[in-house]
Structure formats: structure tokens, C-alpha cells
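J.: Sharing a sequence plus its predicted fold:
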Amino acid sequence: MFNDNVINRFRGLETPFYYYDLDLLRRTLAACSQASGKYGFHVHYAMKANFDGQVLKTIQSYGFGADCVSGNEVLTALKYGFDKNKVVFAGVGKSDKEIKASLDADIFCFNVESVQEMEVINELAAARGKKPRIAIRINPNVDAHTHHYITTGLDENKFGINTWQLNDVAEQLRKSANLEFIGIHFHVGSQITDMEVFKSLCMRINEIQTWFEDRGFTIKVLNAGGGLGVDYYSPDNNNVADFESYFKVFHDFLNVKPGQEVHFELGRVLVAQSSALVSRVLYVKNGQRKNFLVLDAGMTELIRPMLYQAYHQIDNLSRSPENVIDAVKYDVVGPICESTDCFRKDVELPQSYRGDIIAVRTAGAYGQVMASGYNLRDSIQSVYSE
Ligand SMILES: *Cc1c(COP(=O)(O)O)cnc(C)c1O
């Protein structure tokens, strides 16, 4: 990701910024497209992970659809050329305004998360003479074995509809003349690297599909959501995820009927590795028991370590990594007036100095999109590979 030319280029740039390796992004997209295409699976990009314009254009150019979680994401996807027949609107709290805008845009599908939402979309659609396609988001009660902050597929969760409510769903579907029911939708969590989780998901999807079919419903779309994880610990050795194994699980275990489509909504795994947060060391503070590197980037630029205790590899691009003889442990912190504003404690780095360029790796997903203006910080810029 960083050769000498790239690092030299950084020396002339103001920090902090997000650096995008568009070549790595393209290789990732090509790998995903190839592996999913083998089985005729459809992939929608979950654009909440990263909605940088250049990133969206690149993803769109590979023919992916867009999975959106707000009205503005729907409009942005359309603006960047995503085919409206491949735009899906999900989310637990869609406002009337957002629903109306998406109805007017004639998007592919609404992923509906409650019985009340079905009623509301049905009413708003009737008033506009529309009949939108909907899929029902169901909690499969599969434990994603991921961090509890990012698990979503268990009962007693704000997301989706629990299986014990399915009778109400069936009744509401029969009453809703302005809804076209096309499928069932699942999303069990994020940063999942254990393929057994996806296998369990397949089994639950098969059962729930049978439940609907037994009651006379036709399922055209099985949507298995997203959640495939990336390797935050070895961004250089494992920069493209194992899409082959992932899609093969669904091919092997999902009970796909003739004519049925299988959809996925991948976010993180498509964009995480291709971007890094690049910043400079402002100050080195040597204490009695601790050393601090104070960077010019903090939780306002990348909040994942502070919000989810997420691990990111941290590299000093100004010093040779082979130079471990003089390795020093630093708490790598940001400039924000919060004591949680720390990227990681006890990071082993070569002896570091004011002005050194530091890269926080695997920052392409849920990084720049969560940036904030707290402390009236400048908004973070994007820099692209040449
Ligand atoms: C966030 C989200 C995704 C994408 O999750 P990743 O872990 O980034 O792949 C997919 N579907 C839904 C419904 C989501 O909320």
C-alpha cells in the first residue's frame, strides 16, 4: 500500500487525511464480483461503511447495487449512478419523508423492520398510487460471535422482526394491498470471520423460508445481509478477504429454489483495507512510565478504537519497520479534549519523532463516515492513489 513514492508524496501534504489505494479497492471488488458471480449471487454495497464519491463511483462501475440506511443514502446512490433496480432501503427508523422520497425514486426494495413500518409504507404507497417491493428483516437468532456492540441478529434487539412475530407479519401482508412481498432479509452482525456463523444462518434461512412457503407465500429473494470481516491484524498479508469461501458456504447450505435470487449486502469487507488514516506526530511526551505520541488526528477522524475498542494496526511510515532494535512502547493518542481519545496503548514502534508520518491501517470502513466536527475540527480530506 505504501511504497517510497507514496510516502514521499505524503511528505508534501497537509495531514490528517484518508488515503485511498484505488488499485487495492479495484482488486477487492474484482475478487468479490468473481466469487459471487460464480453462483449468480447479487451483491449490494452497504454504503454506510464509506460514501466517499470516488469510492462509490468505483464500486458502481463493477455493477454492484447499493444497500442504503437513510433517504440521503438512497439519493446519493442514485446520484452516483447506481441502478435504481439495485437500490435497497433498510433501517429500523425510516422517516415518512425518507419513505416518500424512496417511493418516488422507484427503488428495488424496502427491507422492512417492523409490522408497524409495513402499515406505514402501505399507507404512504397507497396515497401515491405505488406498490413497492418489500422484504421482511427477520432476526434469525444466530450468534455472530462478534463484539457485542456490533451483533444484531439475536432476539431482543432493536433490529428486525423476531420469529415469534411472524404470524402478525403474515396477517399484515395479507391486509397490505399496496405492498409486493418479495423476500426475507437477514443481517446477523459485522466483522464475522467464522464461516460456521454463516452456515448457521443458512440453516435458519431455510427454516424460515419453509415457514412462509407453508403459508402460501412465494419468496423471490433470499437476502443474507453482510457482515463478512477483514483482518485488522495483518492488513498487508491479508488485504483481500476470502470471498471464495464465504460465497461457497451459501452455495453449499442455502436451499435456493429455481428462479430465486440470492442477495448480499457487504460493506466493511469491500472497503476497509483500501484506506488508511494518515497523520503526523505533533508531540512526543516521555513520561516516567509511559511515552505518548500525540497525533494530529484523533477520535474526530477515526472513532472506532474509542467507540468499539477496535484494533487498528499503526505504522510509522517515516521510520523503517525493520528498525525494531530501538522499538519503544507508545500510547498513541489524539488531540481531542477527552481522555478516551487514544488509538491504542503500548504500541511498539521505532523511536518516533515530531513530524513523523503515522498510518492507522484498515480504516476504510466506518472511519471517515463517522468523522465529526467536535472541537470545531477541520473536516477530514480524502487523498487518492495516483
Ligand atoms: C451495516 C449493514 C450491512 C453491512 O455490514 P458490514 O458488516 O459492513 O458488511 C448490511 N446490512 C445491513 C442491514 C446493515 O445494517
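T.: Yep, that arrived.

J.: How many residues are close by Ile7?
T.: Per other Cβ atoms under 10 Å, the neighbour tally for Ile7 reads 14. Every C-beta, even on glycine, is put in place using the N, C-alpha and C of the backbone.

J.: Nearest spatial neighbour of it, chain-adjacent residues omitted?
T.: Spatial nearest neighbour of Ile7, chain neighbours left out: Leu317 (5.0 Å); criterion: Cβ to Cβ, 6 or more residues apart in numbering.

J.: Could I get the contacting residues of the one you found?
T.: Going by Cβ atoms under 8 Å, 6 or more residues apart in numbering, Leu317 touches 2, 7, 10, 278, 356-359.

J.: Give me the subset of those lying in strands.
T.: Mapping those onto strands (DSSP state E) picks out 278, 357-359.

J.: so which of these comes closest to the ligand?
T.: Of all the ones in strands among the contacts of Leu317, Ala359 has the smallest distance to the ligand: 21.6 Å, by Cβ to the nearest ligand atom.

J.: if we can go back for a sec, now the ones in strands among the contacts of Leu317 in TSV, with distance to Phe82, neighbour count and pLDDT?
T.: Formatted as TSV, the ones in strands among the contacts of Leu317 follow (distance: Cβ to Cβ, whole Å; neighbours: other Cβ atoms under 10 Å; pLDDT from 0 to 100):
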residue	distance to Phe82	neighbour count	pLDDT
Val278	29	26	98
Ile357	35	19	98
Ile358	35	27	98
Ala359	30	21	98
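
J.: Same list, these, but as CSV with distance to Lys220 please.
T.: Below are these laid out as CSV (distance: Cβ to Cβ, whole Å):
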residue, distance to Lys220
Val278, 45
Ile357, 51
Ile358, 49
Ala359, 45
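
J.: Now distance to Glu73 too, for the contacts of Leu317, in a markdown table please.
T.: As requested, these are exported to a markdown table (distance: Cβ to Cβ, whole Å):
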| residue | distance to Glu73 |
| --- | --- |
| Phe2 | 31 |
| Ile7 | 34 |
| Phe10 | 31 |
| Val278 | 26 |
| Asp356 | 37 |
| Ile357 | 33 |
| Ile358 | 31 |
| Ala359 | 28 |
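
J.: so which two of the residues you listed are the farthest from each other?
T.: Across the contacts of Leu317, the longest distance by Cβ to Cβ is 13.5 Å; it joins Phe2 and Asp356.

J.: what residues does the protein put near the ligand?
T.: Contacts of the chain with the ligand, taken as Cβ under 6 Å from any ligand atom, map to 46, 48-49, 67, 69, 90, 187, 190, 225-227, 265-269.

J.: same thing but at 5 Å, please
T.: 46, 49, 90, 187, 190, 225-227, 265-268 (Cβ under 5 Å from any ligand atom).

J.: List just the nearest of these to Glu386.
T.: Ala49 (24.0 Å).

J.: Let me know how buried that closest one is, in neighbour terms.
T.: 23.

J.: just the contacts of Leu317 now: which is nearest Ala105?
T.: Val278 (36.3 Å).

J.: Just the buried positions in stretch 343-357, please.
T.: 343-344, 347, 349-350, 352, 356-357 (16 or more other Cβ atoms under 10 Å).

J.: and if you look at stretch 96-106?
T.: 98-103.

J.: which residues touch it?
T.: Stretch 96-106 is contacted by residues 70-71, 74-75, 78, 84, 87, 89, 94, 110, 120-121, 124-125, 128, 130, 132 when judged by Cβ under 8 Å, 6+ apart.

J.: Just the buried subset of the residues you listed, please.
T.: For those, buried by 16+ other Cβ under 10 Å: 70-71, 74-75, 78, 87, 89, 94, 110, 121, 124-125, 130, 132.

J.: and the residue nearest to Ile7, how far is that from Asp4?
T.: To Asp4, Leu317 is 10 Å away according to Cβ to Cβ, to the nearest Å.

J.: Likewise for Val221?
T.: Using Cβ to Cβ, one gets 48 Å for the distance from Val221 to Asp4.

J.: These two: which is more packed in?
T.: Neighbour totals were compared for Val221 and Asp4, and Val221 leads with 18 against 8 (other Cβ under 10 Å).

J.: Could you find the closest non-adjacent residue to that one?
T.: Gly183 (3.1 Å).

J.: burial count for that neighbour?
T.: 23.

J.: One more: Gly63?
T.: The burial count for Gly63: 14, using other Cβ under 10 Å.

J.: Check the one 5 residues further on too.
T.: Around Cys68 there are 30 other residues, counting by other Cβ under 10 Å.

J.: tell me which residues form a beta bridge with it?
T.: Phe89 (DSSP bridges).

J.: right, and it touches Lys86 too?
T.: No - judged on Cβ atoms under 8 Å, Cys68 makes no contact with Lys86 at a distance of 10.9 Å.

J.: Helix or strand: which one has the closest residue to Arg215 other than its chain neighbours?
T.: Distance criterion Cβ to Cβ, 6+ apart; nearest residue to Arg215, sequence neighbours excluded, is Ala170 at 5.6 Å. Under the criterion of DSSP states H and E, Ala170 resides in helix 166-175.

J.: Before I go, just wanted to say thanks for your time.
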